[in-house]
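>>> Just a sequence and a predicted model for now, questions to come.
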Amino acid sequence: MHNKITCITYDAFMGDFVPEPTPQPLSTSAINYNLRSRSRTRCMSGPSSPPSLPPSTNPLQSLPLPRTEVNMYDTIITALNEADLCPGYQFASTPHKGDPSEETRQAVDCGMYSKTAIPKLGIAEDGGFGRTDWSSIEIAIECKMHPTEDDPFDERTVCDEPNAATRRKVLGQILSYMELIFRRQQRTFQFMLLFIGGFVRIIRVDRSGLFATQQIDYRKDGNKLAVFLWRYARLSAALRGHDTTAVRLEPNSAEAQRMRDRVKTVAEDDYVAQAFKDLLDEDWAWWKLEVPDETDAEKSRFFLVAKPHFQAPGVAGRTTRGHIALEATPGAGDDFVYLKDAWRVVMDGIEKEGVVLEKLREKDVNYVPTLVCHGDMAGQETRSQAVWPKYHPGQECKLKRHQHYRLVVQEVGKPLDQFSNGYQLVFALWCCLQAHSQAYEVGIIHRDISAGNLLLYKGEDGWGGLLNDWELSKELAQQTEEGRQPDRTGTWQFMSARALNNHTKTIVTQDELESFFHVLIYIAIRLLPHNCDDADVPQLLYDYFDDYAPHSTGHRCGPTKYGAMRSGNITLAPYNKQKAGAEDEVLEFLSPKMSTDSPQRETSAHASSSTETTSAAEPLAAHPLNGIVKQLLSWFSAYYTLQQERTRRSQALPVVRQRLNTQKTTFKKAQERIAARAKKTMSQTDRSPSASRADLTDPFTTQPPAKTGQPEIAHEVLKELADKLSTHAPMLRLLEVALENEDEWPETDRCPDRKPKKGWRPNLVDQVPKGETIQSSRKRGSEVLEDLPSSCSKRSRV
């Protein structure tokens, strides 16, 4: 959310985001008041009939300044319920009990809920606190005591973001609540209330940015909050931020029962059906989703989905969801398909993913998904980027325009990290590289190679690879010298080091091939045997894939990844500290020694989907993967060396020209003095003819000749190695040769995953030498601000 926050006045906020409701009859649920209970409780029912005009009085004016947060849960929530502002809704306090269906078990202090959802909160009849329900909360409400220290927005800074660690922590906290609501509901945007001491802010967030009101003194100007709530409760579902193309299924509905019936019996080798069955989680909402069919403008198709198969983290951005789905149309059959729900970037040169898939299939590109249908969801586009320029005149808008989009494809793959053995992993990588190469030949470049976009897929010939997620692809003819998106394109962990160091860099073949390499290393470090101690793997994963170098222009590539590309080695010097000679050790993969009488291993194409693991007691030898890694690193090192030389020369040229202009006269005089001195000396010693002007070398225009041929030879060798990355063919052939030697690959080289389930962050305090201090803003929740997800997440900065 960096550079995506704007604080504005209350009047401006209401004018831009909360329109006055148009007169319309209330629904049955909206006027179903609980007339029997009018007691003062935290979840008190509304009035018998809603007010017909916006409130002009302040329902919070009589409240004393809060003494504690607990005091706020009681007084504020009771006052809002008694104000009769929101027919059909109730306010509830839920500060301590998290949603049991969420692993994080996070609980927001309070919330506004539909009255039909109140029973799910488990509030006792005599009052008390309830349990947060992320799937039904309408507006999240957070309470903090201090109006400055706990304020997540700082209007004294250029971008309204706080610098203080405590304030950044609060910002990370409220963003995490917003993320959970987006995660568990079908929302296009959402509002939130933040009470800080005697003040309140109203917040709105969509996939593009966040807007917040300036602090409102709710005891003095609480009528402003009352008007917001009054309007909100009377807006249509779409204007409240609900996706009206998604229908929540009742547990006993015919559609929900059909989903259960489809997987009553699952074959042992049917990984798709088993995955769908695992996603039928009764604690999550199930949906019927509409997907426009752009091949028929008047047609839409509907699909049944349960818990997401994949969900990208974060609040802003594309925030892609993936579902294994069944078509809802009667008679459509029971074949599973894959439904992708995303907020695509709308920008010249970036086509809808479905259009790209159609082109790839027309050109017979292999190992890519087969399109079923796709389309934009009408009227569901982010608004923040459209409003932002009004409050930042003359500035370049860093917010992107996002359009809600759905896509359905035939193939249902599974994550690359579920490979059976190293051979299958490399074969899947080869399949995806083939797809990338063939697409490149027909003029399309992928631009987002990542571990999440390379899938395993079981086709007619067994397991192979599938290159997925073409939504950031571009036609080569539309590539420009510099990128046109406001920030980097791709997934941070797998982007090339050069792309990370230049956020406007055009993505080229060398960048994409490097990303394939990073995917291979990422999966292999986690799941194959190697010489890095298991205890140090989390740090190695963080250093190589997640780390970054601060820079005035933004984050740049971390030193570990960049060092590997420059040196041609992945050093283990910072790790394996207990081993002798660890400072000279580089990463190498190991292989269980195969017995001569061991059964023949299945080929990659027919390898099973099991995940057998190596035993720690098995003897280990060099792994065939080492040859691939070593060769590729030599190519990348040569490429980076030549690129650095080219950059150094291009940076030096303007300096050279300036020196030539300013020192031309001085240099000529120096030449004459040297020549005169040499002539005088030579005449005195009678050794040789005097030096001529041609014998004097101009140091600014002429390079001195090399003493031997070695530099020229070395340069040619580097160029030959670097040229291996100019096309796909050398890397494809390298993988093919390794795969041809099938007998060298062990059948059971997969290890238990060494990646921590909750990610890993460096403990900066422990790294500070005694007598020194260090401050860090990366507190709990503040990583949301960095736009750099941990290695367990899919993508960032896109």
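That came through fine.
>>> Strand partners (parallel or antiparallel) of the longest strand anywhere in the chain?
Ranked by number of residues, the top strand in the chain under DSSP state E is strand 371-381. For strand 371-381, the paired strands and their directions (DSSP bridges) are strand 402-409 (antiparallel).
>>> Which is the succeeding secondary structure element to the strand it pairs with?
Scanning forward in sequence from strand 402-409 by DSSP states H and E, the next helix or strand is strand 414-415.
>>> Give me the sheet partners of that following strand and which way each runs.
Strand 414-415 has the following strand partners under DSSP bridges: strand 454-459 (antiparallel).
>>> For the next helix or strand after the partner strand, name the packing helices and strands.
Counting by DSSP H and E, the next helix or strand C-terminal to strand 454-459 is strand 462-467. For strand 462-467, the elements it packs on are helix 422-441, strand 454-459, judged by 3 or more Cβ pairs under 8 Å, 6 or more residues apart in numbering; DSSP states H and E. The way it works is simple: take the backbone N, C-alpha and C, and place the C-beta from them, glycine included.
>>> Can you lay out those as JSON lines showing mean neighbour count, mean pLDDT and distance to residue 738?
Conversion of the helices and strands packed on strand 462-467 to JSON lines gives the following (neighbours: other Cβ atoms under 10 Å; pLDDT from 0 to 100; distance: least, Cβ to Cβ, whole Å):
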{"stretch": "helix 422-441", "mean neighbour count": "23", "mean pLDDT": "98", "distance to residue 738": "6"}
{"stretch": "strand 454-459", "mean neighbour count": "22", "mean pLDDT": "95", "distance to residue 738": "17"}
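>>> will you turn those into JSON lines that also has distance to residue 6?
Output for these, formatted as JSON lines (distance: least, Cβ to Cβ, whole Å):
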{"stretch": "helix 422-441", "distance to residue 6": "39"}
{"stretch": "strand 454-459", "distance to residue 6": "37"}
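>>> nearest to residue 314, of the ones you listed?
With Cβ to Cβ as the criterion, residue 314 lies closest to strand 454-459 of the helices and strands packed on strand 462-467, at 21.0 Å.
>>> quick one on the thing from earlier: ok, residues contacting the longest strand of the chain?
Contacts to strand 371-381, defined as Cβ atoms under 8 Å, 6 or more residues apart in numbering, come from residues 188, 238, 243, 245, 290-295, 300-301, 337, 346, 352-355, 357-358, 361, 401-410.
>>> got the contact list for residue 344?
When contacts are counted by Cβ under 8 Å, 6+ apart, residue 344 touches 318, 350, 352-353, 402-403, 405, 471.
>>> Buried ones only from those residues, please, as a PyMOL command.
Restricted to the buried members of the contacts of residue 344, where burial is judged by 16 or more other Cβ atoms under 10 Å, the PyMOL selection command reads as follows:
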select buried, resi 318+350+352+353+402+403+405+471
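>>> Selecting buried members of the contacts of strand 371-381 in ChimeraX, what would you type?
Buried members of the contacts of strand 371-381 can be picked out in ChimeraX with the line below, counting by 16+ other Cβ under 10 Å:
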select :188,243,245,290,291,292,293,294,301,337,346,352,353,354,357,358,401,402,403,404,405,406,407,408,409
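>>> Among the contacts of strand 371-381, which ones are in helices?
Among the contacts of strand 371-381, the subset assigned to helices under DSSP state H consists of 353-355, 357-358, 361.
>>> from those residues, which is closest to residue 215?
Within the ones in helices among the contacts of strand 371-381, proximity to residue 215 (Cβ to Cβ) peaks at residue 353, which comes in at 42.1 Å.
>>> Excluding chain neighbours, give the residue nearest to that closest one in space.
Taking Cβ to Cβ, 6 or more residues apart in numbering, and ignoring the residues beside it in sequence, residue 353 has residue 471 as its nearest neighbour in space, at 4.1 Å.
>>> Surely the one you found and residue 341 touch.
No - in this structure residue 471 lies outside contact range of residue 341 using Cβ atoms under 8 Å: 11.8 Å.
>>> re the thing from before, now the contacts of residue 344 as JSON lines including pLDDT and distance to residue 725?
Formatted as JSON lines, the entries for these read as follows, by pLDDT from 0 to 100; distance: Cβ to Cβ, whole Å:
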{"residue": "318", "pLDDT": "93", "distance to residue 725": "28"}
{"residue": "350", "pLDDT": "87", "distance to residue 725": "25"}
{"residue": "352", "pLDDT": "96", "distance to residue 725": "30"}
{"residue": "353", "pLDDT": "97", "distance to residue 725": "27"}
{"residue": "402", "pLDDT": "97", "distance to residue 725": "33"}
{"residue": "403", "pLDDT": "98", "distance to residue 725": "35"}
{"residue": "405", "pLDDT": "98", "distance to residue 725": "33"}
{"residue": "471", "pLDDT": "93", "distance to residue 725": "25"}
